[in-house]
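K.L.:
any chance you can model this:
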Amino acid sequence: MDMKAERILIFNVNWLGDVLFSTAVIRNIRHNFPDSYIACIIPARCYQVLKGNPHLDEIIIFDEKDRHKGPLGLLNFAARLRDKKFDLVFLLHRSFTRALIARMAGIPQRIGYNVKRRGFLLTKKILQPHPDSLHRIDYYLNIIEQAGLKVEDRYADFFVDAKDAEFVEKFLEKNSARKGDFLVVLNPGGNWPLKRWPQECWAALADRLIKELNAMAVIAGSYNDKSRVDSIIGSMREKPIIACDLLNLKQLAALARKADLFITADTGPLHIANAVGTKLIIALFGPTSPALTGPVPDKNVIIIQKDVGCKIPCYMTKCPDNRCMKAITVEDVMEKVRGIKEIR
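P.N.:
As a prediction, this is how the structure comes out:
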């Protein structure tokens, strides 16, 4: 590889799970440029995914919906990047606007997929494979590999410090969790509704985990999941530990790492739990494909997905019945959990 750069920028994607997949790109860029200054641009909501990542020297927030909104906001952001004097940018995001910002910032080497008629803004145009032909982690790694970098590995990173682990310990103690409890974390959220398992299923599952297996069930989630979690808890007979809107992403990761079992749909926390080495994960898949967005590696993951005759992945956002998720029964999940409990 003859590419040289002292100051490298990565213009990242927007979704939590995809930013987590992109950590494989960040790590492999660092392998190729061990002494370079490496910065990464992300939206504020994804900051904690990269906070503490030792392969980055700087995290830059791009707020296109507020302070960087409109032509003036973009010009100001590009001027800020120009002052930082980057030599090279990898555009993981496919947007025209981000390629234009990189050009306005005067970054001499601009590498990304040749899409959205932005080829004239790139100095190295990468031919885009069909997005459904590769796992997302490989889709992003393909950019740097086709640019001539060596790719050494393909897994996601998420870093948790001792302060977050201590916070979780105190949180569990406060909620009467005891050492030796069968600790099960339930993550009922999802970034779009069709990936979510029905609320009544989560309620019934949590009840059965507590009553039949004497589990210490913790229901997690973000602020956006609060009304959904409230409905689940309101339908339950047993009493779980409620962690929804009480833990940040780092603390959720520390909780997942401590758990005996993490149960979730295909959403960002699935990949966070996997990245921090959660002992066992049950992942409920409906309209998405594990081959494209499943956890990597998957050696500690049990995937439950039913064939209901639909094409997978399915992008039918207005599906009338969401039968792929409804086809997964509480008993399907309990059967897997009982097998895990027996091994434990």
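K.L.:
all strands for the stretch 101-250 of the chain, in order.
P.N.:
Here the stretch 101-250 of the chain has its strands, by DSSP state E, counting those that start in this stretch, at 109-113, 124-126, 182-187, 215-219, 241-242.
K.L.:
packing partners of the second one?
P.N.:
Put plainly, it is strand 124-126. Packing partners of strand 124-126 (3 or more Cβ pairs under 8 Å, 6 or more residues apart in numbering; DSSP states H and E): strand 109-113, helix 136-146. For every residue, glycine as well, the C-beta is placed using N, CA and C.
K.L.:
now swap in the last one and tell me
P.N.:
Using 3+ Cβ pairs under 8 Å, 6+ apart as the contact definition, the elements that strand 241-242 packs against are strand 215-219.
K.L.:
now the third one
P.N.:
Here strand 182-187 touches helix 199-213, strand 215-219, helix 249-258, strand 261-265, helix 268-275, going by 3+ Cβ pairs under 8 Å, 6+ apart.
K.L.:
could you redo the last one with a cut-off of 6 Å?
P.N.:
Secondary-structure packing of strand 182-187 (3 or more Cβ pairs under 6 Å, 6 or more residues apart in numbering; DSSP states H and E): strand 215-219, strand 261-265.
K.L.:
and those strands, which is most packed in?
P.N.:
Of all the helices and strands packed on strand 182-187, strand 261-265 has the most neighbours on average by mean count of other Cβ atoms under 10 Å, namely a mean of 27.
K.L.:
that one pairs with which strands?
P.N.:
Sheet pairing of strand 261-265 (DSSP bridges) gives strand 182-187 (parallel), strand 281-284 (parallel).
K.L.:
before we move on, back to that, any chance of the helices and strands packed on strand 182-187 in JSON lines, plus mean pLDDT and distance to Glu200?
P.N.:
Compiled in JSON lines, the helices and strands packed on strand 182-187 are given as follows (pLDDT from 0 to 100; distance: least, Cβ to Cβ, whole Å):
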{"stretch": "strand 215-219", "mean pLDDT": "97", "distance to Glu200": "14"}
{"stretch": "strand 261-265", "mean pLDDT": "97", "distance to Glu200": "15"}
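K.L.:
which one of those lies nearest to Leu247?
P.N.:
Among those, the nearest to Leu247 by Cβ to Cβ is strand 215-219 (9.5 Å).
K.L.:
ok now that closest one, how far from the chain's centre?
P.N.:
22 Å (Cα atoms, centre = their mean, to the nearest Å).
K.L.:
what's the angle between that strand and strand 261-265?
P.N.:
Angle, strand 215-219 to strand 261-265, by axes from the mean of the first three to the mean of the last three Cα atoms, to 10 degrees: 40 degrees.
K.L.:
about what we covered before: now tabulate the helices and strands packed on strand 124-126 in a markdown table and tack on mean pLDDT and mean neighbour count.
P.N.:
Formatted as a markdown table, these follow (pLDDT from 0 to 100; neighbours: other Cβ atoms under 10 Å):
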| stretch | mean pLDDT | mean neighbour count |
| --- | --- | --- |
| strand 109-113 | 98 | 23 |
| helix 136-146 | 97 | 20 |
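K.L.:
JSON lines for these, including distance to Ala204?
P.N.:
Below are these laid out as JSON lines (distance: least, Cβ to Cβ, whole Å):
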{"stretch": "strand 109-113", "distance to Ala204": "44"}
{"stretch": "helix 136-146", "distance to Ala204": "32"}
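K.L.:
please name whichever of the helices and strands packed on strand 182-187 is nearest to Lys326.
P.N.:
With Cβ to Cβ, the closest approach to Lys326 among those belongs to strand 261-265: 12.7 Å.
K.L.:
tell me which of the strands paired with strand 261-265 lies nearest to Pro269.
P.N.:
Per Cβ to Cβ, nearest to Pro269 of the strands paired with strand 261-265: strand 182-187, 4.8 Å.
K.L.:
max-length helix in the protein?
P.N.:
helix 16-32 (DSSP state H).
K.L.:
check which element follows that helix along the chain.
P.N.:
strand 37-42 (DSSP states H and E).
K.L.:
report the buried residues of the following helix or strand past that next one.
P.N.:
As assigned by DSSP H and E, the chain's next helix or strand after strand 37-42 is helix 47-50. Neighbour counts using 16 or more other Cβ atoms under 10 Å place Gln48, Val49, Leu50 of helix 47-50 among the buried residues.
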